[in-house]
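*Asks:* how would this look folded up:
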Amino acid sequence: MKSSENWNFYALRVDGSPASNCVDIGVADAAPVPGFGTLSFLSVKMNMPRPDGLSSNEEFETLSQIESTLQAFVDPSPSLRYVGRSTHDGGRDFFFYSKGDELGAVAEHMVAAWPGYEFSHGSQPDPDWGVYWRFLYPSAEDFQRMGNRDVLEQLRIHGDDHAVPREIDHYAVFEAGGDVEGFMAALPDTLVGEALVNEDADGTTTVAFKTFGCPAEIDDLTIDLFRAAKDHGGDYDGWGCVAVPSQCN
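*Replies:* Numbers count the residues shown, from 1 in each chain. Prediction:
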């Protein structure tokens with residue numbers, strides 16, 4: 001069964017080691033898919049991992065080809081759904097949900113197609129898709145970091161130097177009953193001017209404010225703002241800034 005086109009990736013730690021997950025976010029609306037109650041995994045040991053256990057530039061193309069070979073075999077299957085992968089500790093694990101233990105033939109195909117690599121595989125019941133939700137699927141903070149990455153990429157396209165400090169616009173939204181004053185008291189020392197507070201007729205309050213800093217350091221700042229908004233009954237609603245080219249000739 002072909003995966004959705006809505007995939008994304010994020011960094012995390014697995015058992016204390018650096019890791020990277022890439023996951024089919026598009027299947028979340030349907031998960032758990034009825035009848036696909038078996039979790040299967042296919043693991044490949046990397047030949048040239050980085051010292052931290054993640055994939056190296058030297059092996060990137062080969063690992064991409066391995067995944068393409070795997071997808072070409074799995075996508076036409078009506079009883080297998082590829083949902084994500086995790087890279088850590090010198091290996092890459094591919095995860096599937098299926099109607100039964102049906103990965104054996106896929107593993108045999110991969111071993112034959114890539115004799116220079118060591119593969120292993122296994123299956124277990126997971127009717128609630130616990131591995132998908134608790135391990136592969138991003139947390140709310142992971143989604144914030146992914147959103148930051150998207151904004152940074154758009155800035156890069158416009159020639160931005162992320163290391164140049166500037167004013168950065170931020171927004172937070174609070175439903176009726178949210179502690180807006182408590183949130184404003186928690187705003188960072190890099191605040192520029194006063195926050196602007198606008199309350200709509202339905203009781204929703206929007207807080208707009210500016211900080212001064214570098215987009216390169218946006219993750220730490222926005223995660224602090226994300227947590228502060230949650231702690232006070234609201235939601236951090238994102239950031240933006242003008243693109244600033246490098247000041248070096």
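*Asks:* counting contacts, what elements does the lowest-mean-pLDDT helix or strand in the chain pack onto?
*Replies:* Every helix and strand in the chain was compared by mean pLDDT, DSSP states H and E; the lowest is helix 104-113, with a mean of 91. Applying 3 or more C-beta pairs under 8 Å, 6 or more residues apart in numbering; DSSP states H and E, one finds that helix 104-113 makes contact with strand 38-45, helix 57-74, strand 118-125. From N, CA and C alone the C-beta is placed, and that goes for glycine too.
*Asks:* Of all the residues in it, which ones are buried?
*Replies:* Of all the residues in helix 104-113, those buried under the rule 16 or more other C-beta atoms under 10 Å are 106-107, 110.
*Asks:* repeat for stretch 174-183
*Replies:* By neighbour count with 16+ other C-beta under 10 Å, stretch 174-183 contains the buried residues 174, 178, 180, 183.
*Asks:* Tell me the one of the residues you listed nearest residue 200?
*Replies:* Nearest to residue 200 among the buried residues of stretch 174-183 is residue 174, at 10.6 Å by C-beta to C-beta.
*Asks:* Just the pLDDT for that closest one.
*Replies:* The model reports residue 174 with a pLDDT of 97.
*Asks:* quick revisit: among the buried residues of stretch 174-183, which one lies nearest to residue 47?
*Replies:* Residue 47 lies nearest to residue 183 out of the buried residues of stretch 174-183, by C-beta to C-beta, at 49.8 Å.
*Asks:* Leaving out the residues flanking it, which one is nearest to residue 39?
*Replies:* Among residues not flanking residue 39 along the chain, residue 126 sits closest, at 3.7 Å (C-beta to C-beta, 6 or more residues apart in numbering).
*Asks:* wait, I meant residue 237
*Replies:* Leaving aside its chain neighbours, residue 237 sits nearest to residue 171 (4.1 Å; criterion: C-beta to C-beta, 6+ apart).
*Asks:* Name all residues that make contact with that neighbour.
*Replies:* 206-208, 236-239 (C-beta atoms under 8 Å, 6 or more residues apart in numbering).
*Asks:* contacting residues for the residue nearest to residue 200 when sequence neighbours are not counted?
*Replies:* Nearest non-adjacent residue to residue 200, counting by C-beta to C-beta, 6+ apart: residue 206, 7.5 Å away. The contact partners of residue 206, taken as C-beta under 8 Å, 6+ apart, are 171-174, 197-200, 237.
*Asks:* tally of neighbours for residue 51?
*Replies:* Using other C-beta atoms under 10 Å, residue 51 has 7 neighbouring residues.
*Asks:* I figured residue 126 was touching residue 36, is that so?
*Replies:* No: using C-beta atoms under 8 Å, residue 126 is not in contact with residue 36, being 9.3 Å away.
*Asks:* Tell me, please, where in the chain the pLDDT is lower than the cut-off.
*Replies:* Residue ranges of the chain with pLDDT under 70: 248-249.
*Asks:* what do you get if the cut-off is 80, keeping everything else the same?
*Replies:* 101-102, 247-249 (pLDDT under 80).
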